[in-house]
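Novice: Predicted model and sequence below, questions to follow.
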Amino acid sequence: MKKTPSVKVLLIEDDEDDVLLAREYLAESEYYHFDVEWEPLPEKAKDKMVHGHYDIFLIDYRLGSENGLDLIKFAQDKGVITPCILLTGQGDLNVDLDATRYGAADYIVKTELNPSMLERSIRYALSQAGVIRELDEKEKKYRSLFERSIDPIYLANNDLKLMDVNDAFLKFFKYTKEEALSLTISEIFEHDEDFNYFFSSLKTAEQIRDFEVVLLNKDREKKISMLNCVFIPDQISEFCCYQGIIHDLTMRKKAERDMLVAERLSMTGKIARTIAHEVRNPLTNLTLALEQLKDEMPRNNETVKLYSDIIERNANRIEQLIGEMLNSSKPKELNLQLSNVDEILEETIGLAIDRMNLNQIRLERSFASSLPRVLLDKEKIKIAFLNIIVNAVEAMKPGKGVLRIETQMSDSRITVCIIDNGKGIPQEDIEKLFDPFFTDKQGGMGLGLTSTKNILNSHNADVEVTSKQDEGTTFIVAFKLPS
């Protein structure tokens, strides 16, 4: 014998006669066994709707000071997905429409009620509730995946205006939810040409995969990212959207760059040590031979003095270059002391001020107040800053140059910006800027910025360079504060 399904009903009704009638109709069902609990008071009914375990609510429209629609709306607001059937004493089109709008599963006029109609209405409501419950569980699961993802996720409409974003997106781009939902995706791209390629790929292929691109957060900070996006059609509701996932590559790219610089510095060190070993010995012999020769040659012979001075001067220059190569590449031994970054900058400016005055460079300072002190090797950091400042001065036209030096505190970091309005650096050269022997200066060795990078690396400091040709260059040095 087939088991009769049991259905637990909460009957919210203040008329006892109607309660008896409803119980009688439900008792006639051959398919269901109805377990009916009666509650005449709306306030107690609300508590039971939220905390009880019922399969269906039968709700009278008129309940004294409140009506059944209020209870249905209350259940919806509390996230209760148990189906509601509204019972009313007389037919009213507005009540019917309101019941549908508020989320009622059905609307029944009591004068037309009979056992068959009531059972059919409940059966339909339970069937629909099963579908809704399944959809609700899926929605919760996917919403949890959406919200808990450590990668930024977004949904955008056909015009690529953001419709929804997860918490990781807000944290990554530093927007509030309201700010983010006012954006279009084009506004987070650094370069228009990148967005145009992204947009055309979506329109032609309806997806784009593993697109490496630079995005900008609210503070216009660059974020190297891997972007995936796909078009999601919905034929039923005629609603469509684009879903995208962003993976942050900034730290990985920085680590790769730092590793590459470290490898190049290591290579430079090996070359320098080889040269020092292979060149210094014969150079020493050459210098000793020259000294011996000078002692034996006539002192008043101007020709002898001229050529011996040339040999000595160039031998000393070779020795100096070897020393510079060794110093630029070997790890720095630090004498760390709690130091004020602003004071170090002032002392560095003092070392470069004559060169600035000679080139008629205007200096602008903007130092943040009350910056915390940092553990630094003061003398070595001065060398690093001086190399950047000297490069900036040499990149500007005499009489037209403006050098701006700023300090600020943000995100537990002290940031130093050295900004010039010089000739700028080609984009393809920025990545090679700290490479050993890379230089565009006539007679330069290309080791100054290599040494600077080495010093900053030894302090666990970050350095970033941005530049536009004919507009200028900005060096951004960031010192991390202990957490």
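Specialist: Yep, that arrived.

Novice: Apart from its chain neighbours, what residue comes closest to residue 464?
Specialist: Nearest residue to residue 464, sequence neighbours excluded (C-beta to C-beta, 6 or more residues apart in numbering): residue 476, at 4.6 Å. Using the backbone N, CA and C atoms, a C-beta is placed for each residue, glycine as well.

Novice: Quick check: which element contains the one you found?
Specialist: Assigning secondary structure by DSSP states H and E places residue 476 in strand 472-480.

Novice: now for the one helix or strand residue 318 maps to, which elements pack on it?
Specialist: Following DSSP H and E, the helix or strand that holds residue 318 is helix 302-329. Contacts defined by 3 or more C-beta pairs under 8 Å, 6 or more residues apart in numbering; DSSP states H and E place helix 302-329 against helix 250-296, helix 448-458.

Novice: so where's the stretch 1-150 of the chain shaky on pLDDT?
Specialist: Counting by pLDDT under 70, the stretch 1-150 of the chain has low-confidence residues at 1-4, 90-93, 134-142.

Novice: for it, what spans make up the helices?
Specialist: Ranges of helices in the stretch 1-150 of the chain, per DSSP state H, counting those that start in this stretch, are 16-27, 42-51, 68-77, 93-102, 115-148.

Novice: Go through those helices and pick out the most buried.
Specialist: The highest mean neighbour count among these, using mean count of other C-beta atoms under 10 Å, belongs to helix 68-77: a mean of 19.

Novice: roughly how far apart are residue 375 and residue 480?
Specialist: 10 Å (C-beta to C-beta, to the nearest Å).

Novice: Kindly report the same for residue 32.
Specialist: Residue 32 is 68 Å from residue 480, where distance means C-beta to C-beta.

Novice: mind listing what the strand holding residue 476 pairs with, with the direction of each?
Specialist: Partner strands and pairing direction for strand 472-480 (DSSP bridges) are strand 413-420 (antiparallel), strand 462-468 (antiparallel).

Novice: Just tell me which of those ends up closest to residue 298.
Specialist: Checking the strands paired with strand 472-480 against residue 298 by C-beta to C-beta gives strand 413-420 as the closest, at 53.4 Å.

Novice: Helix, strand, or coil at the nearest residue to residue 188 once chain neighbours are set aside?
Specialist: Closest residue to residue 188 apart from its sequence neighbours, by C-beta to C-beta, 6+ apart: residue 215 at 4.9 Å. Recorded secondary structure, residue 215: strand (DSSP: H, G, I helix; E, B strand; the rest coil).

Novice: Local confidence estimate at residue 215?
Specialist: For residue 215, the pLDDT comes out at 94.

Novice: Who does it form a beta bridge with?
Specialist: For residue 215, the beta-bridge assignment (DSSP bridges) gives partners residue 189, residue 223.

Novice: list the contacts for it?
Specialist: Contacts of residue 215 were listed using C-beta atoms under 8 Å, 6 or more residues apart in numbering, and they are 173, 188, 189, 190, 222, 223, 225, 227, 246.

Novice: domain assignment for the chain?
Specialist: Domain assignment of the chain by automatic domain parsing yields the ranges 6-146, 149-248, 253-329, 337-480.

Novice: centroid residue for the protein?
Specialist: For the chain, the residue sitting closest to the mean C-alpha position, by C-alpha atoms, centre = their mean, is residue 172 at 2.7 Å.

Novice: isn't that one right up against residue 152?
Specialist: Yes - taking contacts as C-beta atoms under 8 Å, residue 172 lies within contact range of residue 152: 4.6 Å.

Novice: quick one: which of the contacts of residue 215 is nearest residue 358?
Specialist: Set against residue 358, the nearest of the contacts of residue 215 by C-beta to C-beta is residue 222 (35.3 Å).

Novice: Hmm, residue 191 and the closest one touching each other?
Specialist: No - here residue 222 lies out of contact with residue 191, judged by C-beta under 8 Å, at a distance of 10.7 Å.

Novice: Overlap in contacts, those two.
Specialist: Joint contacts of residue 222 and residue 191 (C-beta under 8 Å, 6+ apart) are residue 214.

Novice: how much space between the spatially closest residue to residue 378 that is not a sequence neighbour and residue 42?
Specialist: Distance criterion C-beta to C-beta, 6+ apart; nearest residue to residue 378, sequence neighbours excluded, is residue 339 at 5.1 Å. As judged by C-beta to C-beta, residue 339 and residue 42 stand 71 Å apart.

Novice: Over to residue 59?
Specialist: Separation of residue 59 from residue 42 (C-beta to C-beta) stands at 10 Å.

Novice: Overlap in contacts, those two.
Specialist: Common contacts of residue 59 and residue 42 (C-beta under 8 Å, 6+ apart): 12, 71.

Novice: In contact with the residue nearest to residue 129 when sequence neighbours are not counted, which residues are there?
Specialist: Distance criterion C-beta to C-beta, 6+ apart; nearest residue to residue 129, sequence neighbours excluded, is residue 83 at 4.3 Å. By C-beta under 8 Å, 6+ apart, the contact set of residue 83 is 56, 57, 105, 125, 126, 128, 129, 132.

Novice: Can you report how many residues lie near the second one?
Specialist: Using other C-beta atoms under 10 Å as the criterion, residue 57 is surrounded by 27 other residues.

Novice: Can you tell me the closest non-neighbouring residue to residue 67?
Specialist: Excluding its sequence neighbours, the residue lying closest to residue 67 (C-beta to C-beta, 6+ apart) is residue 61, at 5.6 Å.

Novice: I'd like to know how far residue 375 sits from residue 338.
Specialist: From residue 375 to residue 338 the distance is 6 Å (C-beta to C-beta).

Novice: Likewise for residue 41?
Specialist: Going from residue 41 to residue 338 by C-beta to C-beta gives 71 Å.

Novice: So these two - more neighbours on which side?
Specialist: residue 41 (14 against 10).

Novice: quick one, phi psi at the more buried one?
Specialist: The phi/psi pair for residue 41 (degrees, to the nearest 10) reads phi -100, psi 120.

Novice: Give me the neighbour count for the spatially closest residue to residue 257 that is not a sequence neighbour.
Specialist: Nearest-residue entry for residue 257: residue 431, 7.7 Å, with adjacent residues in sequence omitted and distances by C-beta to C-beta, 6+ apart. Around residue 431 there are 12 other residues, counting by other C-beta under 10 Å.

Novice: With residue 343 instead?
Specialist: Each residue near residue 343 was counted by other C-beta under 10 Å, and the total is 13.

Novice: Next one: it, what pLDDT does it get?
Specialist: pLDDT recorded at residue 343 is 93.

Novice: In which helix or strand does it reside?
Specialist: Assigned by DSSP H and E, residue 343 belongs to helix 341-358.

Novice: Can you tell me what sits against that helix?
Specialist: Contact partners of helix 341-358, identified using C-beta under 8 Å, 6+ apart, comprise 363, 367-368, 371, 374, 376, 378, 381-382, 385-386, 389-390, 393, 403, 405, 407, 414, 416, 479.

Novice: can you rerun that using 6 Å?
Specialist: Here helix 341-358 makes contact (C-beta atoms under 6 Å, 6 or more residues apart in numbering) with 367, 378, 381, 382, 385, 386, 389, 393, 407, 414.
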